[in-house]
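# Quick one, what's the 3D model for this:
(chains A and B)
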There are 2 protein chains.
Amino acid sequence: MVLKKPAEMSQKSTDITWHAGSVTPADRHKITGNQPCVVWLTGLSGCGKSTIAMALESALIRAAHLAFVLDGDNLRHGLNRDLGFSEADRTENIRRVGEVAKLLADAHIIAICSFISPYRADRAGVRRRIEPSAFIEVFVDAPLSVCEARDPKDLYKKARANIAAGNAMSFTGLDAPYEAPSNPEVHLKTAEQSVEASVAAIMSVLVDRRVISGAGA
Amino acid sequence: MVLKKPAEMSQKSTDITWHAGSVTPADRHKITGNQPCVVWLTGLSGCGKSTIAMALESALIRAAHLAFVLDGDNLRHGLNRDLGFSEADRTENIRRVGEVAKLLADAHIIAICSFISPYRADRAGVRRRIEPSAFIEVFVDAPLSVCEARDPKDLYKKARANIAAGNAMSFTGLDAPYEAPSNPEVHLKTAEQSVEASVAAIMSVLVDRRVISGAGA
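Numbers count the residues shown, from 1 in each chain, chains lettered A, B, ... in the order given. The predicted structure is shown next:
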């Protein structure tokens, strides 16, 4: 918006100068030390998404790059607190997360998104909203049996009990589908790979994409 | 989430080290050079919100502080594209903007929000979600007659014509209410005050609140 200044408007002198709207990506890069990017972690409950997301955020920030994790903890209780777990609500949940990730990327942050995001079409929808080179889909892959054995919050246990009692739970991997990525930028197998190795694999792609410099990692 | 590692999981050595979840505000401060904060600009269409928001963002980034503007341009076409201008949709619009501003602040950015946001209760709702010292409400105040004379996008002109033709427009200041802030942190009168002076007034409060250092401004 161009503000038309009334002719009588006074121009008080101050020591602040700027050129409105002239902020460039280079200006932002000087501050954050990275190119903007969206790292999208998808996989079953218990596959290790959150642990890897937090470890990646920590590694990036220690290397002086500004990263931020979006996950169920800070989205489901805030922005998306009006949404449940029906197919339509899951789709809207992922759409909104994608839009917030885009805003974070526009602000020049590395947005790390950790969501089961079971539907391929929903993930593709987010990808379409982001610059192609700036979207990194990470398939955090572990067999259902391994995820269920970990079950850190007893979610599988409770869901199994509910399903056995005849209730529909829409629990991904049990009575709701998970559509695995067919061509992710990174494919992690967390039953075989350590958290450290998983983070290193993502960092390597961030360097290849010139999101961060190799020296910083 | 604590990932239970199977005993057989290999620990591949890498040169990346971190402590999961140990990212502190101080770590983020080292990168962005500021404390997080939400600057909320409210006022009639044409009052000068967007111009001041862009000028403030530019001044902050040139002083090496990471700021980002949320406004109708990047919200209404993305995250909030499913919302119209009914009272309920305006309330949901502002709720979502507030939640995104909170996420930006959690990432340690200065979020500059530029929205008419005509309802006092909606603005109070956002304020409640943010740390008290980190929420700065800015009343961008100009008489309706001045805003209507500026009318940079002919919005008033079109709305007046529609209302004259018998259509309800829900246009703030014409056939929808604007509830002015009763106790804003900053009160700008843009019919009398330059953009430069308006930005300086906000910067001064940011220094007082220790969001930025005085030297940086």
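
# mind listing the strands for chain A?
For chain A, the strands defined by DSSP state E occupy A:37-42, A:67-71, A:110-114, A:135-141, A:186-189.

# Could you report the neighbour count for A:H77?
Using other CB atoms under 10 Å in any protein chain shown, A:H77 has 10 neighbouring residues. Heads up, the C-betas are built off the backbone N, CA and C, glycines and all.

# my read: A:V38 touches A:A111, true?
Yes. Taking contacts as CB atoms under 8 Å, A:V38 lies within contact range of A:A111: 4.9 Å.

# anything in contact with each of the two?
Counting by CB atoms under 8 Å, 6 or more residues apart in numbering or on different chains, the common neighbours of A:V38 and A:A111 are A:101, A:104-105.

# JSON lines for the strands of chain A, including distance to B:G166 and mean pLDDT?
Converted to JSON lines, the strands of chain A look like this (distance: least, CB to CB, whole Å; pLDDT from 0 to 100):
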{"stretch": "strand A:37-42", "distance to B:G166": "47", "mean pLDDT": "98"}
{"stretch": "strand A:67-71", "distance to B:G166": "46", "mean pLDDT": "96"}
{"stretch": "strand A:110-114", "distance to B:G166": "46", "mean pLDDT": "98"}
{"stretch": "strand A:135-141", "distance to B:G166": "48", "mean pLDDT": "98"}
{"stretch": "strand A:186-189", "distance to B:G166": "58", "mean pLDDT": "98"}
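
# Let's have these in a markdown table, adding mean neighbour count.
Converted to a markdown table, these look like this (neighbours: other CB atoms under 10 Å in any protein chain shown):
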| stretch | mean neighbour count |
| --- | --- |
| strand A:37-42 | 28 |
| strand A:67-71 | 24 |
| strand A:110-114 | 28 |
| strand A:135-141 | 23 |
| strand A:186-189 | 19 |
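
# among those, which is nearest B:S22?
strand A:67-71 (13.0 Å; CB to CB).

# In its sheet, which strands sit next to that closest one, and in what direction?
strand A:110-114 (parallel) (DSSP bridges).

# Which residues does the strand it pairs with contact?
By CB under 8 Å, 6+ apart, the list of residues contacting strand A:110-114 reads A:34, A:36-41, A:49-50, A:52-53, A:56-57, A:60, A:65-72, A:97-98, A:100-101, A:104-105, A:206, A:211-212.

# Specify the angle between that strand and strand A:37-42 in degrees.
Interaxial angle, strand A:110-114 versus strand A:37-42 (axes from the mean of the first three to the mean of the last three CA atoms, to 10 degrees): 10 degrees.

# Strand A:110-114 to strand A:135-141, inter-axis angle?
Going by the same axes, to 10 degrees, strand A:110-114 makes 30 degrees with strand A:135-141.
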